[in-house]
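Chemist: here are the coordinates; sequence isn't available:
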DNA sequence: CGGATATGGGAGAGCGCTCTCCCGCCGAGG
DNA sequence: CCTCGGCGGGAGAGCGCTCTCCCATATCCG
């Protein structure tokens, strides 16, 4: 049988002071006589005391924990629950989100608990988790547009911040990117290097980000005298990029520049292009989006529109923290600017 | 001001029973008169009651949470803390681990909190977290051989299970792969398709898994009359694969078969090979290891030794659960068998 | 020198839950 | 008829912490 862990009471007895005094030393609240403070510190050292968090949480009503939720759409059965997790992390995007979030949370001794909300049951679980006070709030990254989770969270008045603007308005804070500007950047770069017969592989059109990237790309083209551009819709996966590029090439064999709405699809496009004997970027220039790790690891290295995911994720965590602390009550939005990163593919 | 959440007491009053009875209904413990049970259930429904976890944890001494720790080596300053996170998830391996772990935990209402232990401070944090009872145990995935965390965990007698055998013995349970068999599989496949001038890019030699993969590869070769094989050490990253393959090619330009100790390095090797005018697999066959997503996404698709990471991760979670429940007190090990997956590269 | 004002420690009431007792009621058996 | 289990509900004692009071002592000013 493991020995009972030392409590505040034990430390107090050891140091010859009251429980309250030890608590003050531990939490650094109110002045404590330096001599007594050291006395207590030594007692803590000797006993190997670690404050019981459940007891603290019970009275402070704070878990010092946030839920990091990756949320899918629809009512997928939870048959593929861990497949979902694997799929999610196959996209390097989420690794960057985690990095950014942890970067903010850690210095504040907050901890992220990972949750997947790809089914109705799973969403319920997230809600219950928060209502039980196991986490103080939620950071939500949706993989689909029609994700019902944000609305549920808002309705339950639980603190939450979203990555990306939800497709239908919800009174929650979110961080986002100026996707339209990103599309414009891609267009201008392709035009600048002499491409004239452009095409684009856009993301799922029910996702606001996809719409915006496409709109920005089109607008910029229109402003430079290109009123029409062939579009094929992809699903942000490598395979969909392959399929889209194949189709595009069939319809427009003379394409000399492609904008893909993310790097994974750009990578797929490059593969198809090479297989069909096109050189990238000499024959066809390709611009991706995100600046994820594949942009650097795939060959040729991708010219891409950088999304500062880590900073965005950190900001998301910061907003949530403010909401939790009550320092912010109204929902807000923070929009970041994209940046073109030129490598080999365009 | 948010209204106070309903408590057990509130539900009890609402249903006209005692707190204990409501608790019995909530936890499904002991028989409760069906009529009263329904009465209570309706009261719970009406009040929107969700049991406060801190209060429950306080008395049950269980957090229903496990720490999922990605642990690095040495005493890296925490300057690159979120870079570490991003780097970790850049390897698709971790996504699979997460998937496997969540697959086991979720049906049991256990939750993983993500922690990174790449510095001494971070390791301390993990230990404290567990000692505070915020998590009931730890699942540890080390990225380096000389990771001090397992020893610290064992010393503190905290429940923990490792992914992969630690390089120095520690009284903790772990799951692992029969890496030696994996090396053998790769060797036999390359020999079987007619390769005769083989070479290998091994992993960091202070990692037991790397040593074993290499040993298995060499043994099998020796058994087939190939006493010597050129070896270059890599670091499990794409770049190190590129560097290793370049060096190998310089020393042995006639190489016709390569075994890389993971897929990322195999991908790097393929890139170099192509750049130097070698066709893969016609001129040089390449076998990877892991069967990660890059095995499918890179071109050519990689022939590789499959590591059943998801099952291994699930088993790791299962072992931890047993340790936490006290159903298992002695450390144990579970070793999985690898499997060859033939695709295009060999 | 008395009283007002800091300053710092102690006492104790909870936070919301679980769980061990205990007690009342029932049917069965002597 | 009485006793004796068994069943199901209630009472209440904590779990380990925080935090508000309250009180003792030290400090300063009129």
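Modeler: Good, I have the coordinates. This one's a predicted model, so the numbers in the text were calculated from it and none came from an experiment. Residues are numbered from 1 along each chain as shown, chains lettered A, B, ... in the order given.
Chemist: chain center to the helix-or-strand element of chain A with minimal mean pLDDT, what's the gap?
Modeler: In chain A, no helix or strand scores lower on mean pLDDT, DSSP states H and E than helix A:81-90, which sits at a mean of 74. Put simply, helix A:81-90 sits 15 Å off its chain's centre (C-alpha atoms, centre = their mean, to the nearest Å).
Chemist: After it, which helix or strand is next? Please name it.
Modeler: With elements assigned by DSSP states H and E, the helix or strand that comes after helix A:81-90 is helix A:92-105.
Chemist: can you give me the angle that following helix makes with helix B:81-90?
Modeler: Orientation check (axes from the mean of the first three to the mean of the last three C-alpha atoms, to 10 degrees): helix A:92-105 against helix B:81-90 gives 150 degrees.
Chemist: got the contact list for helix A:92-105?
Modeler: Outside helix A:92-105, the residues that touch it by C-beta atoms under 8 Å, 6 or more residues apart in numbering or on different chains are A:66, A:68, A:70, A:88-89, A:111-112, A:139, A:141, A:163, A:290, A:292-294, A:309-314, A:316-318, A:321, B:81-86, B:88-90, B:94-95, B:114, B:116. From N, CA and C alone the C-beta is placed, and that goes for glycine too.
Chemist: elements contacting the least confident helix or strand of chain A?
Modeler: Where contact means 3 or more C-beta pairs under 8 Å, 6 or more residues apart in numbering or on different chains; DSSP states H and E, helix A:81-90 is packed against strand A:111-117, helix B:92-105, helix B:309-325.
Chemist: angle of the second one against strand A:111-117?
Modeler: Put plainly, it is helix B:92-105. If you take the same axes, to 10 degrees, helix B:92-105 sits at 80 degrees to strand A:111-117.
Chemist: So for helix B:92-105, mean pLDDT?
Modeler: Averaging pLDDT along helix B:92-105 gives 91.
Chemist: got it, and stretch A:18-37?
Modeler: Mean pLDDT, computed over stretch A:18-37, is 87.
Chemist: repeat for stretch A:315-328
Modeler: In this model, stretch A:315-328 has an average pLDDT of 95.
Chemist: Which positions within that stretch qualify as buried?
Modeler: Buried positions in stretch A:315-328, judged by neighbour count with 16 or more other C-beta atoms under 10 Å in any protein chain shown: A:315, A:316, A:317, A:318, A:319, A:320, A:321, A:322, A:323, A:324, A:328.
Chemist: and if you look at stretch A:280-298?
Modeler: A:280-281, A:284-298.
Chemist: Restricted to helices, list the residues you listed.
Modeler: Those of these mapping onto helices are A:293, A:294, A:295, A:296, A:297, per DSSP state H.
Chemist: Wait, the last one touches residue B:271, no?
Modeler: Meaning residue A:297. No. Counting by C-beta atoms under 8 Å, residue A:297 does not reach residue B:271; the two are 9.0 Å apart.
Chemist: helices or strands up against the helix or strand hosting residue A:259?
Modeler: Taking DSSP H and E as the definition, residue A:259 sits inside strand A:257-260. In terms of contacts (3+ C-beta pairs under 8 Å, 6+ apart), strand A:257-260 is packed against helix A:179-192, strand A:198-202, helix A:238-251, helix A:263-275, strand A:285-290.
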